[in-house]
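Asker: take this sequence and fold it.
(one chain, ligands or ions: 1)
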Amino acid sequence: MGFYDTFRYTIAPPILLVTTTLGVQFLAVVGGHDGTSFSVFGDAASWAVVAVFMLWALLSLWVPSKQFNGPITSFGYTPRYSANGFQYFCVSFVVFMALLWKWPGIAELLVDRFPQILAVCNIAAFILCIFLLVKGKVTPQSSEVVEPMPLTYEFYRGMEVHPRLLGVDVKQLTNCRFGLMAWLLLVTAFCVVGWMRNGVTVAHGVVAILQIIYLAKFYLWETGYFDTLDITLDRAGYYICWGCMVWVPAFYTYSSYYLVANKPVISDAFALVILLVGLSAIAMNYRIDWEKEYFRKHDGNCHLWGRKVSYIEATYESSTGMRRSKLLTSGLWGIARKLNYVFEILAATCWCLPGLGLGIWPFLYAIFLTVLLVHRVFRDEEKCSAKYGQYWKEYCKVVPYRMIPGIF
Ligand code: NDP
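Answerer: Alright, predicted model coming up:
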């Protein structure tokens, strides 16, 4: 193993692990009010919050519901998911609002104990990832043959693509039911406390509304998420499970959290313009994802924007033989290959913008997301190029730009 591989597989994972774990705690203290403190092991209240919330997330997957089959893996496994995401969103939001109505102190508890809650999430995510590592090595549930790697890398990357635990799919639990719901409830609580402490500001309302609508859109489309890289490519390990259990609640909510201790300074009129642009960006992002889902569901026998769709017919090899697929080249997918990422970044920038005038902190999420998605463009292209070969090249000729026509 050369130096690059040693660094990548053995040295980098523990460095990332320590810096990101401590990083979220640091951000929570920096963004909090004067005197915000944290303890490495959390406190009783923060353990109670995380335990109740995890139970609620599990419950949503245990209740009988319609099932959805995810895409079959290259080793012939079809993952099964609960298809009740939007119901989970609605019930959770209504119950949380009712709780806040009766006991607004809950929102204050979430703000004041944010660092402690993250400490508990950190510990819970570590325990889960260690368990997943051992389970994946000792009793893997699929027939997939995974090449052994250094242990630190296996922990970071994860072992299995679709492990199940307590009768549920682990990534549906950590990504969809824990991380994204924590994001929703936290931004709601942060807005309520921001209004309680700073007076009602349109700016803080806009930050919350945009994210609540974005998350409603996610839950409406949850079954489409099971076809994305997070689910089909990433293994359940520190990268994705810690990412969703800790990084999402800590970092994705940060613009909202920051505005509690730092009153927004932008005008109401500007905030309303941001709201309109943000809503349009969310609608466009949804529409683009929907077009692909609709096209795949109808196997290309459909119309978009009043015209019959055009596509490239592709074949690829899997361990169960040759398969067929189609790559859409019309509608919004005919403009650029990752136009959905452009609107994702625009929407995120819109819910960071109400923090304008308060330094770089409220913009950290938009900056991070831009880096993440540009990197993801290349990750996805690598995957698609390996999968589709000449057909992918043909597709790139028909739709030559990645994100912005004429530029990139
Ligand atoms: P895409 O929705 O672009 O899906 C990529 C996959 O779609 C490819 O791997 C390929 O899979 C298939 N595909 C690519 N081009 C075509 C085409 N022309 N026609 C048909 N199928 C095609 O990316 P993501 O899964 O990354 O993102 C999904 C959503 O999630 C987006 O809205 C994105 O913005 C959002 N997102 C948000 C993040 C956040 O942190 N906020 C992070 C990542 C994504 P196949 O093998 O099936 O052909």
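Asker: packing partners for the longest helix along the chain?
Answerer: In the chain, taking DSSP state H as the definition, the longest helix is helix 268-297. On a contact count with 3 or more C-beta pairs under 8 Å, 6 or more residues apart in numbering; DSSP states H and E, helix 268-297 meets helix 202-220, helix 222-225, strand 303-304, strand 321-328, helix 339-352. (C-beta placed from N, C-alpha, C; glycine too.)
Asker: got the angle for that helix vs helix 202-220?
Answerer: 10 degrees (axes from the mean of the first three to the mean of the last three C-alpha atoms, to 10 degrees).
Asker: so does helix 268-297 get close to the ligand?
Answerer: Yes - in terms of C-beta under 6 Å from any ligand atom, part of helix 268-297 sits within range of the ligand, namely 285, 289, 292.
Asker: any residues of the stretch 201-350 of the chain in contact with the ligand? List them.
Answerer: Applying C-beta under 6 Å from any ligand atom, we find that the stretch 201-350 of the chain lies next to the ligand at 228-229, 285, 289, 292, 325, 327-328, 333, 338, 340-341, 344.
Asker: just the C-alpha atoms of stretch 377-392, please, in CSV.
Answerer: What follows is stretch 377-392, C-alpha atoms only, in CSV (Å, rounded to 0.1, in the frame of the first residue of the first chain):
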residue,chain,number,x,y,z
VAL,A,377,-21.4,15.3,-9.3
PHE,A,378,-18.1,13.7,-9.9
ARG,A,379,-18.9,10.7,-7.6
ASP,A,380,-22.1,10.1,-9.4
GLU,A,381,-20.5,10.4,-12.8
GLU,A,382,-17.8,7.9,-11.8
LYS,A,383,-20.5,5.5,-10.8
CYS,A,384,-22.6,6.0,-14.0
SER,A,385,-19.6,5.9,-16.3
ALA,A,386,-18.5,2.6,-14.8
LYS,A,387,-22.1,1.2,-15.0
TYR,A,388,-23.1,2.4,-18.4
GLY,A,389,-19.8,2.8,-20.3
GLN,A,390,-20.3,3.9,-23.9
TYR,A,391,-24.0,4.8,-23.2
TRP,A,392,-22.9,7.3,-20.6
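Asker: numbering from 16 from now on, please.
Answerer: Fine by me, first position is 16 from now on; the one you just mentioned is stretch 392-407.
Asker: and that stretch, average pLDDT?
Answerer: Here stretch 392-407 scores 94 as its mean pLDDT.
Asker: need the contact list for whichever residue of the stretch 66-215 of the chain sits closest to the ligand.
Answerer: With C-beta to the nearest ligand atom as the measure, Pro86 is the residue of the stretch 66-215 of the chain nearest to the ligand, at 6.7 Å. Residues in contact with Pro86, defined by C-beta atoms under 8 Å, 6 or more residues apart in numbering, are 93, 241-242, 247.
Asker: one more pass at 7 Å, please.
Answerer: 242, 247 (C-beta atoms under 7 Å, 6 or more residues apart in numbering).
Asker: gap between it and Ile228?
Answerer: From Pro86 over to Ile228 the distance is 28 Å, taken as C-beta to C-beta, to the nearest Å.
Asker: same question, Gln102
Answerer: Gln102 is 17 Å from Ile228, by C-beta to C-beta.
Asker: indicate the residue of the stretch 216-365 of the chain located nearest to the ligand.
Answerer: Counting by C-beta to the nearest ligand atom, the stretch 216-365 of the chain gets nearest the ligand through Thr243, at 2.9 Å.
Asker: against Thr36, how distant is that residue?
Answerer: Taking C-beta to C-beta as the measure, Thr243 falls 25 Å from Thr36.
Asker: neighbour-wise, which of these two wins?
Answerer: Using other C-beta atoms under 10 Å, the more surrounded residue of Thr243 and Thr36 is Thr36, with 20 against 15.
Asker: if we can go back for a sec, and the longest helix of the chain, what's buried?
Answerer: Going by neighbour count (16 or more other C-beta atoms under 10 Å), the buried part of helix 283-312 is 286, 289-290, 292-294, 296-297, 299-307, 309-311.
Asker: number of nearby residues for Leu166?
Answerer: Neighbour tally, Leu166, other C-beta under 10 Å: 13.
Asker: find the nearest non-adjacent residue to it, please.
Answerer: In this structure, Leu166 finds its nearest non-sequential neighbour in Leu148, 7.9 Å apart by C-beta to C-beta, 6 or more residues apart in numbering.
Asker: elements contacting the strand or helix carrying that neighbour?
Answerer: According to DSSP states H and E, Leu148 maps onto helix 129-153. Of the remaining helices and strands, those touching helix 129-153 by 3 or more C-beta pairs under 7 Å, 6 or more residues apart in numbering; DSSP states H and E are helix 27-45, helix 59-77, helix 166-172.
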